[in-house]
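Enquirer: Fold the following and give me the result.
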Amino acid sequence: MKLFILLLLFPILASAQLMNEKIDNALICAKKGIYYLEENISEKKKTFSTELINKDKLQALCKYSKEEGGYRFESTGYYEGVEVKITLYRSEESLRQQSPPDK
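Expert: Numbering: from 1, shown residues only. Here you go, the predicted structure:
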């Protein structure tokens, strides 16, 4: 009886593991979008939007907008039908501290 129950649970556990891997990969793609946005802030633009594409597959939709006292970053990562969205608020002060000094 215990073997029968284990045989029934195995496909469920395997599919849960596969879903977790897809979510993790979509999260990695969303993080790449956030990193890209932080590196490409333009003082002249109040809003910016772009897509990160790798091997003809959409990895992330990224956008930022300048708000009072800082920036709002949004990145939606995609991986095999799974979508993960990250919204991050950063002050101008924290962005200045993070960026390396100009040489």
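Enquirer: What's the local residue count around Tyr79?
Expert: 21 (other C-beta atoms under 10 Å). (Glycine included, C-beta is placed from N, CA and C.)
Enquirer: For it, give me its contacts.
Expert: Lys22, Asn25, Ala26, Ile28, Cys29, Gln59 (C-beta atoms under 8 Å, 6 or more residues apart in numbering).
Enquirer: so how far is Asn54 from it?
Expert: Tyr79 sits 11 Å away from Asn54, going by C-beta to C-beta, to the nearest Å.
Enquirer: Give me the residue at the spatial middle of this structure.
Expert: Ala30 (1.2 Å; C-alpha atoms, centre = their mean).
Enquirer: Strands along the protein, start to end?
Expert: 47-54, 57-67, 70-79, 82-91 (DSSP state E).
Enquirer: what lines up beside the second one in the sheet?
Expert: When you say that, I think you mean strand 57-67. Sheet partners assigned to strand 57-67 using DSSP bridges are listed as strand 47-54 (antiparallel), strand 70-79 (antiparallel).
Enquirer: Please enumerate residues in contact with that strand?
Expert: Outside strand 57-67, the residues that touch it by C-beta under 8 Å, 6+ apart are 29-30, 32-34, 36-37, 41, 45-53, 71-79, 89.
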